[in-house]
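**Q** Sharing a model prediction with you, sequence too.
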Amino acid sequence: MKDVSVIILNWNGAEMLRKYLPSVVKNSVEAEVVVADNGSTDNSIEVLTEEFPEVKIIRFEKNYGYAGGYNKVLAQTQTPYSLLLNSDVEVTEGWLVPLLAFMRSHDEVAACQPKILNYNHREYFEYAGACGGFVDGLGYPYCRGRIMSVVERDEGQYDGAPVSVFWATGAALLVRTDIYNKVGGLDERFFAHQEEIDFCWRLHSRGYGVWCVPESKVYHLGGGTLNKSDSRKTFLNFRNNLLMLHKNLPTGRRAEVMFISYFMDYLAALQKMLSGDFKEALAIVRARFEYSHMCHEFDRQRDENLREAVVVSIPEMRPKSILWCYYVKGVRKFSQL
């Protein structure tokens, strides 16, 4: 019996399935390949049934979204390992082998990711995940291979041995199924963006490791949910970052970080307004207001996270401000930090 499931969520993505699923089926002989359909109204089920008979289909009656869909699937998954794979990812020959080998030989690791490259510009890292993610002391995320909006060319600079990271991308995330369910999976209230960072923070605080295994490589189209310049994306990133901090920061640091974030967010909104980007400025202000109305809904999870935490100071949360490094010191590459 196979011990890993490669799980792809689909919603009205028949053409995506035709384009990307063949590489997954061909190069994932070690796994059971599963497509969970989030209530599609196109011909996705017909495509799967007729063109991919070897793929297991799980059908939902409605669209539960990214986090909700994966949570429902993993709640019923029997394999020890589950790999959450976006429907717009092309995988390479042998991609699962180093990921599984690493997890099998490191019981303390709960999640890992491969190296993620850009599908359309294949010599560059992909924006969301690259070669493993970190956050600074204020919770701002960045990657090995991507600082702010600057994405590096992959020249093998981050190849080599696996490395411990703060967060692994949800585009290709290998997890231990039981631990995923034990810590509560992805937070469905985030809707989109930063759910995997929140999830990985919970893993770290409970004593588990999160790693990147660059020997494994995949290509991600990316940008399928919202364009990077979309004000809705800006809103979700600012709001969800605040919710993540509220849920996970230790009591001794929370007041200081949230105080600084308050001024940093309004400074960012002012900068957008002065540059004439009023939609982006409004999105940031809206994010602050919605956070203030939503945060108490997360108090129970915050109490649970603090109660279950066995690690308070996480080394992969680096104290150096990424904003200071980028805007003041001119840092554009992870290797310059």
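**A** Thanks, I have the structure now.
**Q** ranges for the strands of the stretch 151-300 of the chain?
**A** Secondary structure of the stretch 151-300 of the chain by DSSP state E, counting those that start in this stretch: the strands cover 163-164, 172-176, 209-220.
**Q** Just send those strands back as TSV, with mean pLDDT, mean neighbour count and distance to L243 too.
**A** The way it works is simple: take the backbone N, C-alpha and C, and place the C-beta from them, glycine included. Putting those into TSV (pLDDT from 0 to 100; neighbours: other Cβ atoms under 10 Å; distance: least, Cβ to Cβ, whole Å) gives the following:
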stretch	mean pLDDT	mean neighbour count	distance to L243
strand 163-164	98	14	25
strand 172-176	98	25	20
strand 209-220	98	24	20
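**Q** and of those, who's closest to A36?
**A** Set against A36 and scored by Cβ to Cβ, the strands of the stretch 151-300 of the chain come closest in strand 172-176, at 14.7 Å.
**Q** thinking K56 is in contact with V35, fair?
**A** Yes. Using Cβ atoms under 8 Å, K56 is in contact with V35, at 7.4 Å.
**Q** Looking at the strands of the stretch 151-300 of the chain, which is nearest to K62?
**A** strand 172-176 (23.7 Å).
**Q** Can you name every helix or strand that that closest one contacts?
**A** Contact here means 3 or more Cβ pairs under 8 Å, 6 or more residues apart in numbering; DSSP states H and E; on that basis strand 172-176 packs against strand 81-85, helix 96-105, strand 109-118.
**Q** So what are the sheet partners of that strand and their directions?
**A** Note on strand 172-176: by DSSP bridges, its sheet partners are strand 81-85 (antiparallel), strand 109-118 (antiparallel).
**Q** Pull that strand out as PDB, backbone CA atoms only.
**A** The C-alpha atoms that make up strand 172-176 are tabulated as PDB, following Å, rounded to 0.1, in the frame of the first residue of the first chain:
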ATOM      1  CA  ALA A 172       3.400  22.000  -3.000                       C
ATOM      2  CA  LEU A 173       3.300  21.100   0.700                       C
ATOM      3  CA  LEU A 174       4.100  17.700   2.000                       C
ATOM      4  CA  VAL A 175       2.700  17.100   5.500                       C
ATOM      5  CA  ARG A 176       2.300  14.300   8.000                       C
END
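**Q** Who are the packing partners of the helix ranked longest in the chain?
**A** The longest helix of the chain (DSSP state H) is helix 251-274. Packing partners of helix 251-274 (3+ Cβ pairs under 8 Å, 6+ apart): helix 231-248, helix 278-294.
**Q** Leaving out the residues flanking it, which one is nearest to L203?
**A** Distance criterion Cβ to Cβ, 6 or more residues apart in numbering; nearest residue to L203, sequence neighbours excluded, is A110 at 4.9 Å.
**Q** what do you get for E54?
**A** V25 (6.3 Å).
**Q** gap between the two ends of stretch 200-214?
**A** 18 Å (Cα to Cα, to the nearest Å).
**Q** what comes into contact with it?
**A** Residues outside stretch 200-214 that contact it (Cβ atoms under 8 Å, 6 or more residues apart in numbering): 98-99, 102, 106, 108-115, 131-133, 144, 158-160, 162-168, 179, 183-184, 244, 247-248, 305, 308-312, 314, 316.
**Q** Just want to know which of K56 and V35 has more residues nearby.
**A** Higher neighbour count among K56 and V35: V35, with 26 against 13, using other Cβ atoms under 10 Å.
**Q** Each with direction, which strands does the helix or strand hosting that one pair with?
**A** In the assignment (DSSP states H and E), V35 maps to strand 32-38. Next to strand 32-38 in the sheet, as set by DSSP bridges, lie strand 4-10 (parallel), strand 56-60 (parallel).
**Q** okay, now the residue nearest to V213 when sequence neighbours are not counted: neighbour count?
**A** Computed as Cβ to Cβ, 6+ apart, the closest residue to V213 that is not its neighbour in sequence is P162, at 4.6 Å. Neighbourhood size, P162 [other Cβ under 10 Å]: 20.
**Q** need the contact list for P162.
**A** Applying Cβ under 8 Å, 6+ apart, the residues near P162 are F102, C112, W211, C212, V213, P214, E215.
**Q** Show me where the stretch 151-300 of the chain dips below the pLDDT cut-off.
**A** 223-229 (pLDDT under 70).
**Q** Just the C-alphas of the longest helix of the chain, formatted as CSV.
**A** Written as CSV, here are the backbone C-alpha positions of helix 251-274 (Å, rounded to 0.1, in the frame of the first residue of the first chain):
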residue,chain,number,x,y,z
THR,A,251,2.0,37.3,25.1
GLY,A,252,5.3,39.1,26.0
ARG,A,253,5.8,40.2,22.4
ARG,A,254,2.3,40.7,21.1
ALA,A,255,1.6,44.3,22.4
GLU,A,256,4.9,45.6,21.0
VAL,A,257,4.6,44.0,17.6
MET,A,258,0.9,45.0,17.2
PHE,A,259,1.8,48.6,18.2
ILE,A,260,4.5,48.8,15.6
SER,A,261,2.3,47.2,13.0
TYR,A,262,-0.3,49.8,13.6
PHE,A,263,2.0,52.6,12.5
MET,A,264,3.6,50.6,9.7
ASP,A,265,0.3,49.8,8.1
TYR,A,266,-1.0,53.3,8.2
LEU,A,267,2.4,54.5,6.9
ALA,A,268,2.0,52.1,4.0
ALA,A,269,-1.5,53.4,3.4
LEU,A,270,-0.2,57.0,3.4
GLN,A,271,2.6,56.1,0.9
LYS,A,272,0.0,54.5,-1.4
MET,A,273,-2.2,57.6,-1.2
LEU,A,274,0.6,60.0,-1.9
